[in-house]
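J.: build me a structure from this.
(2 chains)
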Number of protein chains: 2
Amino acid sequence: MKPTTIQVELGDRSYPIRIGEAWIDGLGVALGEAGIGPSSLLVTDESVGPIWADRVAAGIRGGGLAVESIQIASGERAKSLESVRSILDFALERRCDRTTAIVALGGGVVGDVAGFAAAILLRGVPLVQVPTTLLAMVDASVGGKTGVNHPMGKNLIGAFKQPDLVAVDLAFLETLSEAEYRSGLAEVVKYGAIADARFFEFIEANAKALLQRKPEPLARAVARSCEIKAQVVAADELESGLRAILNFGHTFAHAFEATAGFGSIRHGEAVAMGMMAACRSSRPPVKSIDGWPP
Amino acid sequence: MKPTTIQVELGDRSYPIRIGEAWIDGLGVALGEAGIGPSSLLVTDESVGPIWADRVAAGIRGGGLAVESIQIASGERAKSLESVRSILDFALERRCDRTTAIVALGGGVVGDVAGFAAAILLRGVPLVQVPTTLLAMVDASVGGKTGVNHPMGKNLIGAFKQPDLVAVDLAFLETLSEAEYRSGLAEVVKYGAIADARFFEFIEANAKALLQRKPEPLARAVARSCEIKAQVVAADELESGLRAILNFGHTFAHAFEATAGFGSIRHGEAVAMGMMAACRSSRPPVKSIDGWPP
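T.: Now for the predicted structure:
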């Protein structure tokens, strides 16, 4: 399966999303082609690092780039200004400069924290997102929202920072737990529901193959999800209107998460239930006329 | 003397610089006209706060806006991530939202720290710069560079954040020390030297009146300096080329500051000497032909 590339059109902040299967050993070459280098800082977390960091670092070096690695803690608690500070300290102590790219290898938290660090280090350095969860592939790595939590609430400190490249390798999904994987699929379903009826039908028709993580339908599902999010973001980069469509199911989802206690159900699980709840509450409270609503 | 307005053209990040004498009591009205409100956070420091904070806060309230005030320490040591954190904590604990404007009242340090806080609070809130030193009026408040120092060096963490309004009131200069004032004049001279021979001649012709802080020539000097910087920034917002012209005299200046020990001579003083050194070292080492070089 050859990698495909989707271009996110944001004027002089446009960037490519490269999607393929088992191509990450060539990441360094892709970085070079995107004009990124000659140095990089690989940021990952305690969950992903032990499995993938060495291989991705080797892939980066294979393109002739220097790479240093730093690991932050895993999970929502790591999404803090302190984590950002540790990345900044690490980068500055190693005399990074404005061309040093931050490569974020991990799920949404790593992408948010490392992305925010890239936004404010030397007033902005290049950023490469390498999402390792399905949710991060189709959601967190596209759109440019980065940031951390504050004792007063989630995502209260941050920046809009578009990456220079998003590198999606479906091989990362092989080590993902079933629950994490299904949680990501919920967002895939969401893109069909909000923007593309044919894509929704494709998901329905290939539900079993998608659950089995078959590369072909999965690649199409990820690519089309990224395309849809990219189009919405291109039309509304700073979230002043249309971008709200991406929040389908999220009002209920946030209520479910808050009620269950943050962290006790997965975001994707809450979104799946939230979309069902939103659809159900959208049905007009009238009697059926000619069999509609069903 | 009626206030004049200079527009900085940066596409959808364009903003006005309003320059006048003793008009700051009407700041709230100007904020309303710029679409800023209904709430604001006044950030100042220990030097400027006791003299001006109450009056400026009253001016803001006069336009119908709510205002809370926070004071950070004075001087280069306050230019830290910790100061930014204290502003973020203060704002978030008071339940600020995306419309809450940060009003930076002070010299370059306050502008840098409060500006950076405005860049990352809720991924960006409105920012109003109210510079109180001549140097901040003609330099720091125009251009969008914000940031703080790091143990590894100056200005290593930050963001480009354009303000929504720059409010220049020459009355603030009345309480400025002679050394601070002359330090700012050095940057005014710089604008003449790099971009406008007629303006340079105006400065020469009005040197005495400018040193006496006479409002009319001072207003023209500040306005023309802001215009020149605004034009350079508009042509090169993210500092990739032309903007380097603003660094005239700064290579030597940084050497002077580093040699003397940072803080032991003023930045403007170092720039004044730096421009002289740069001019002298630019003279070609050839014999005079027809009396040139002189």
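J.: now the phi/psi pair for the residue of the stretch 101-250 of chain A found nearest chain B, please.
T.: With Cβ to the nearest Cβ, the shortest gap between the stretch 101-250 of chain A and chain B falls at residue A:152, namely 4.2 Å. No exception for glycine: its C-beta is placed from N, CA and C like everyone else's. Main-chain torsions, residue A:152, degrees, to the nearest 10: phi -80, psi -10.
J.: what is the burial count for it?
T.: By the criterion of other Cβ atoms under 10 Å in any protein chain shown, residue A:152 has 15 neighbours.
J.: what about the closest residue to residue A:108 other than its chain neighbours, neighbour count?
T.: Excluding its sequence neighbours, the residue lying closest to residue A:108 (Cβ to Cβ, 6 or more residues apart in numbering or on different chains) is residue A:140, at 3.9 Å. Using other Cβ under 10 Å, the number of residues around residue A:140 comes to 24.
J.: quick check: buried residues in stretch A:222-232?
T.: The neighbour-count check on stretch A:222-232 (16 or more other Cβ atoms under 10 Å in any protein chain shown) flags A:222-230, A:232 as buried.
J.: do stretch A:223-234 and chain B meet?
T.: No: using Cβ under 8 Å from any Cβ of the partner chain, stretch A:223-234 never reaches chain B; the gap is at least 13.9 Å.
J.: got the CA coordinates for the longest helix seen in chain A in PDB?
T.: For chain A, the longest helix by residue count, based on DSSP state H, is helix A:215-235. What follows is helix A:215-235, C-alpha atoms only, in PDB (Å, rounded to 0.1, in the frame of the first residue of the first chain):
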ATOM      1  CA  PRO A 215      -5.200  -1.900   6.400                       C
ATOM      2  CA  GLU A 216      -7.200  -0.900   3.200                       C
ATOM      3  CA  PRO A 217     -10.500   0.200   4.700                       C
ATOM      4  CA  LEU A 218      -8.600   1.700   7.600                       C
ATOM      5  CA  ALA A 219      -6.400   3.800   5.400                       C
ATOM      6  CA  ARG A 220      -9.400   5.100   3.500                       C
ATOM      7  CA  ALA A 221     -11.300   5.800   6.800                       C
ATOM      8  CA  VAL A 222      -8.300   7.700   8.300                       C
ATOM      9  CA  ALA A 223      -7.600   9.600   5.100                       C
ATOM     10  CA  ARG A 224     -11.200  10.700   4.600                       C
ATOM     11  CA  SER A 225     -11.600  11.700   8.200                       C
ATOM     12  CA  CYS A 226      -8.400  13.800   8.000                       C
ATOM     13  CA  GLU A 227      -9.700  15.300   4.700                       C
ATOM     14  CA  ILE A 228     -13.000  16.300   6.300                       C
ATOM     15  CA  LYS A 229     -11.300  17.800   9.400                       C
ATOM     16  CA  ALA A 230      -8.800  19.600   7.200                       C
ATOM     17  CA  GLN A 231     -11.600  21.200   5.100                       C
ATOM     18  CA  VAL A 232     -13.400  22.400   8.200                       C
ATOM     19  CA  VAL A 233     -10.300  23.800   9.700                       C
ATOM     20  CA  ALA A 234      -9.300  25.500   6.500                       C
ATOM     21  CA  ALA A 235     -12.600  27.200   6.400                       C
END
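J.: just give me how far the very next helix or strand once past that helix sits from the chain centre.
T.: Tracing the chain past helix A:215-235, the next element assigned as helix or strand by DSSP states H and E is helix A:250-260. Relative to the centre of its chain, helix A:250-260 is centred 20 Å away, using Cα atoms, centre = their mean, to the nearest Å.
J.: ok, back up a step: list the contacts for the residue nearest to residue A:108?
T.: A:107-108, A:111-112, A:129, A:131 (Cβ atoms under 8 Å, 6 or more residues apart in numbering or on different chains).
J.: now tabulate these in JSON lines and tack on neighbour count and distance to residue A:16.
T.: Below are the contacts of residue A:140 laid out as JSON lines (neighbours: other Cβ atoms under 10 Å in any protein chain shown; distance: Cβ to Cβ, whole Å):
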{"residue": "A:107", "neighbour count": "27", "distance to residue A:16": "21"}
{"residue": "A:108", "neighbour count": "17", "distance to residue A:16": "20"}
{"residue": "A:111", "neighbour count": "27", "distance to residue A:16": "17"}
{"residue": "A:112", "neighbour count": "26", "distance to residue A:16": "21"}
{"residue": "A:129", "neighbour count": "30", "distance to residue A:16": "11"}
{"residue": "A:131", "neighbour count": "29", "distance to residue A:16": "14"}
